[in-house]
Structure formats: C-alpha cells, structure tokens
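In: need the 3D shape of this:
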Amino acid sequence: MDVRVELVELSPAALRALADGDLAAAEAAAPVPLSPYLAGPECRWVWGIRAEQVGTDPASARWITRVVRDPDRQLTVGRAGFHGPPDASGTVEVGYSIDPEHRRRGYARAALRALLAWAADEPAVTTVRAAVAPANVASRDLVLAEGFRAVGEQIDEEDGPEIVYEVAAGTRLR
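Out: Numbers count the residues shown, from 1 in each chain. Presented below is the predicted three-dimensional model:
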C-alpha cells in the first residue's frame with residue numbers, strides 16, 4: 001500500500017518544547033497536531049540537537065528534522081529530515097523515525113522518498129547519506145531498496161557503530 005506523507009516544518013518554539021518533553025507547548029507552537037511519541041524519550045534528544053542548531057544557525061531550519069504527517073488520515077506518524085544543510089561537498093544526511101504504533105505501513109519509505117525528492121530539487125545537493133546501525137535491518141533494507149550503497153563505516157557519538165550508505169541526488173526517483 002502506497003501512502004502519502006507531508007514533511008511539516010516546526011518553529012524553534014515547537015522544537016524546544018519537544019526537546020523539553022512538553023507536548024502541550026509543542027502543539028501550541030506547531031502547525032499540526034503532534035503525538036506523544038514525538039515528545040517522548042526516543043525523540044527528545046533529536047529535538048534538543050535541532051533546537052540548538054536552529055538557535056545558532058537560523059538558516060538551517062528549513063533543512064532539519066520535520067514532522068511526518070499522513071495528510072489523508074490527518075495523522076502525525078513520526079519525524080524525518082536532514083541533519084542540516086548540504087556540506088561543502090553537497091552531501092546531506094537523512095534521519096527518520098516512525099512512531100512504533102504506525103510502523104510497517106510504508107511511512108518510513110514515503111518519508112525517505114520525500115527527502116530524496118527534496119534533495120533532487122536542490123541544486124546544492126549532490127549526495128544523500130544515511131548512517132544505519134548494523135542491527136537496524138529494516139532501515140538498512142529500506143535504504144538499499146531506494147538505491148543507496150554502502151560506502152564505509154563510522155562510530156557515532158550518540159548511536160555507536162554505523163554503516164554509511166550514499167546515493168547520488170536525483171537517482172531512482174519514482
């Protein structure tokens with residue numbers, strides 16, 4: 001089943017409220033209803049990083065993590081975005097997470113495809129990167145199915161060992 005998603009940008013106030021775990025304040029500052037998952041422990045650290053990032057570099061706001069919303073069901077199902085603007089080589093790194101209540105329904109695939117389409121439309125982007133924990137088989141299979149290829153390994157300060165996958169921007173768009 002193909003699902004449609006929208007990636008909804010959040011204000012700095014909504015990012016900060018989510019980082020603080022304050023769902024009510026986040027919803028008051030957000031353009032769409034949010035879910036408890038987004039203000040929960042699995043997501044708060046990401047919002048904290050993004051709130052700080054936007055505080056020091058306001059222009060990065062248009063690139064960073066957004067809310068994944070199913071417009072047909074009027075339902076917020078997770079988060080997805082880039083880690084920031086393209087680096088000097090034109091690379092952006094994707095990140096996504098779907099609420100466990102809504103996993104295995106195609107939302108991660110739809111969100112990744114939306115990010116790939118976004119990257120393809122940006123002249124400054126040449127490469128899209130995904131760093132995946134070796135045990136995260138679902139994410140590995142997803143990026144491989146979307147044309148990514150393993151290019152190396154890294155140790156992430158937050159997540160530990162990761163396999164780095166990349167795809168040229170604009171390839172395999174459906």
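In: please enumerate the strands of this structure.
Out: Taking DSSP state E, the strands of the chain run over residues 6-8, 66-70, 75-82, 91-98, 127-132, 149-156, 160-168.
In: nearest to residue 141 among these would be which one?
Out: Shortest distance between residue 141 and the strands of the chain, using CB to CB, is found for strand 127-132: 9.6 Å. Any C-beta I mention is one placed from the backbone N, CA and C, and that applies to glycine too.
In: returning to that earlier point: make JSON lines from the strands of the chain and add mean neighbour count and mean pLDDT to it.
Out: Supplementary listing: the strands of the chain in JSON lines, determined by neighbours: other CB atoms under 10 Å; pLDDT from 0 to 100:
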{"stretch": "strand 6-8", "mean neighbour count": "17", "mean pLDDT": "97"}
{"stretch": "strand 66-70", "mean neighbour count": "24", "mean pLDDT": "97"}
{"stretch": "strand 75-82", "mean neighbour count": "24", "mean pLDDT": "96"}
{"stretch": "strand 91-98", "mean neighbour count": "20", "mean pLDDT": "96"}
{"stretch": "strand 127-132", "mean neighbour count": "22", "mean pLDDT": "96"}
{"stretch": "strand 149-156", "mean neighbour count": "11", "mean pLDDT": "91"}
{"stretch": "strand 160-168", "mean neighbour count": "17", "mean pLDDT": "93"}
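In: could you measure from the most centrally placed residue in the chain over to residue 161?
Out: When the chain is reduced to its mean C-alpha position, the closest residue under CA atoms, centre = their mean turns out to be residue 80, at 2.1 Å. Here the distance between residue 80 and residue 161 works out to 22 Å (CB to CB, to the nearest Å).
In: using CSV, list the CA coordinates for whichever helix in the chain runs longest.
Out: Among the segments of the chain that qualify as a helix by DSSP state H, the longest is helix 41-56. The C-alpha atoms that make up helix 41-56 are tabulated as CSV, following Å, rounded to 0.1, in the frame of the first residue of the first chain:
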residue,chain,number,x,y,z
PRO,A,41,12.3,9.7,25.2
GLU,A,42,13.0,8.2,21.8
CYS,A,43,12.7,11.6,20.1
ARG,A,44,13.6,14.3,22.6
TRP,A,45,17.4,14.1,22.1
VAL,A,46,16.9,14.8,18.4
TRP,A,47,14.7,17.8,19.0
GLY,A,48,17.3,19.1,21.5
ILE,A,49,20.0,18.9,18.9
ARG,A,50,17.8,20.6,16.3
ALA,A,51,16.6,23.3,18.6
GLU,A,52,20.2,24.2,19.5
GLN,A,53,21.2,24.0,15.8
VAL,A,54,18.4,26.5,14.7
GLY,A,55,19.4,28.8,17.6
THR,A,56,22.9,29.1,16.4
